[in-house]
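Chemist: compute the structure for the input listed below.
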Amino acid sequence: MTGPATTRQAKDIEDPNHDPAALEPLGPSTWVTGYEPSWVAFGGILGGLVVASLARAAEQAAGRRAATVAVHFHSPVTPGSAELKADVIREGRSAASVSVVARQEKLRASALVLLEGDGDQAPPGGLPPLADPMPASAPEQSPPLERAPGGVELPFFEHVEIRPTGDSRPLASGPDAVLRAWIRPRRAIDDPVTRAAVLLDALAPSLFAIWHEPVLIPTIELTMHLAPAGPVSEWSAISQRTVWFNDAYCVDEADLRNDDGSLIAQARQRRKLLGQSAGSWGTGERQR
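Modeler: Predicted coordinates:
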């Protein structure tokens, strides 16, 4: 695919104004984006960034903020240009529904996006805290995670800073399939939907907390629910847990909160257990 994305791919990723989910118009309800190699995660482009660009296309098609984004990953999204096409299914006062597909020569991902209605607003004060407690230590007191689990080189780490909290760590053979951390983009992401999507997908699969060796577990479905828009703190607290797993699949769920405990977004994703070693991570050549 050629076209406007060529200039985006050449952008300096150190540019503080760089928007990783930016879209450029290609035609009616059609946009192009460029996924840079620096966003490669576990065998392909970070799924959270793909979720963000699909949400962005839906927002531009309907002129509203995304509230829920449900994405199916049909094949690995690779570095380079992708074409996104949106179809407004319905628009009403209470909500709008938009379907979006992303293609790179073939279908890579599809999404159904629910967008906000007229009554959506910033959440009121005094909401009860979520059941999972906030980290006991401040971000400055939590050592950063310097490398990906197993020492694998994952380029997207240059975009996200992760500071684990609590006792659970990836590949530590712990008792619980739970991972918790303070997390933030290394360079500010101004769009709150993009920021939430990227951070919610940045941790390793929670099963890594009870394992001692990494294997490929690609996401095949991810649904993100955003709280009504409100102020966002520099650091976010993330808690991710495995709800269930068997020999073929697992389901993780995650909460993303501000440093005062207020909810930013929640995600739930279904992953496929491939049983492959981590040797192919970062190549963009994972299998499904």
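Chemist: output the host helix or strand of Arg184 as PDB, nothing but the C-alphas.
Modeler: Assigned by DSSP states H and E, Arg184 belongs to strand 178-185. What follows is strand 178-185 as a C-alpha-only set of coordinates in PDB (Å, rounded to 0.1, in the frame of the first residue of the first chain):
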ATOM      1  CA  VAL A 178      -1.900 -11.300  38.500                       C
ATOM      2  CA  LEU A 179       0.400  -8.400  37.400                       C
ATOM      3  CA  ARG A 180       0.300  -4.900  38.800                       C
ATOM      4  CA  ALA A 181       2.300  -1.800  38.000                       C
ATOM      5  CA  TRP A 182       2.500   1.900  37.700                       C
ATOM      6  CA  ILE A 183       2.600   2.800  34.000                       C
ATOM      7  CA  ARG A 184       2.900   5.800  31.800                       C
ATOM      8  CA  PRO A 185       3.800   6.700  28.200                       C
END
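Chemist: quick one: buried residues of the following helix or strand past that strand?
Modeler: Where DSSP H and E defines the elements, the next helix or strand beyond strand 178-185 is helix 192-200. Neighbour-count burial for helix 192-200 flags 192-200 (criterion: 16 or more other C-beta atoms under 10 Å). From N, CA and C alone the C-beta is placed, and that goes for glycine too.
Chemist: pull the residues that contact helix 192-200.
Modeler: By C-beta atoms under 8 Å, 6 or more residues apart in numbering, the residues outside helix 192-200 that reach it are 19-21, 46, 48-49, 51-52, 55-56, 59, 65-66, 69, 159-160, 183-185, 189, 224, 226, 229, 232, 236, 238, 254, 256, 264-267.
Chemist: quick revisit: which strands or helices does the strand holding Arg184 pack on?
Modeler: Using 3 or more C-beta pairs under 8 Å, 6 or more residues apart in numbering; DSSP states H and E as the contact test, the elements touching strand 178-185 are strand 160-164, helix 192-200, strand 236-245.
Chemist: put together a markdown table for those, with distance to Glu91 and mean pLDDT on each row.
Modeler: Formatted as a markdown table, those follow (distance: least, C-beta to C-beta, whole Å; pLDDT from 0 to 100):
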| stretch | distance to Glu91 | mean pLDDT |
| --- | --- | --- |
| strand 160-164 | 34 | 97 |
| helix 192-200 | 19 | 98 |
| strand 236-245 | 31 | 97 |
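Chemist: for Thr33, find the nearest of these.
Modeler: The closest of those to Thr33 is helix 192-200. By C-beta to C-beta, the value is 11.5 Å.
Chemist: quick one, longest strand in the protein?
Modeler: Criterion DSSP state E: the longest strand present in the chain is strand 80-91.
Chemist: buried ones only from the contacts of helix 192-200, please, as a PyMOL command.
Modeler: Here is the PyMOL command that selects the buried residues among those (16+ other C-beta under 10 Å):
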select buried, resi 19+20+21+46+48+49+51+52+55+56+59+65+66+69+159+160+183+184+185+189+224+226+229+232+236+238+254+256+264+265+266+267
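Chemist: strands - which of the contacts of helix 192-200 land there?
Modeler: Among these, the ones falling in strands (DSSP E) are 66, 69, 160, 183-185, 224, 226, 236, 238, 254, 256, 264-267.
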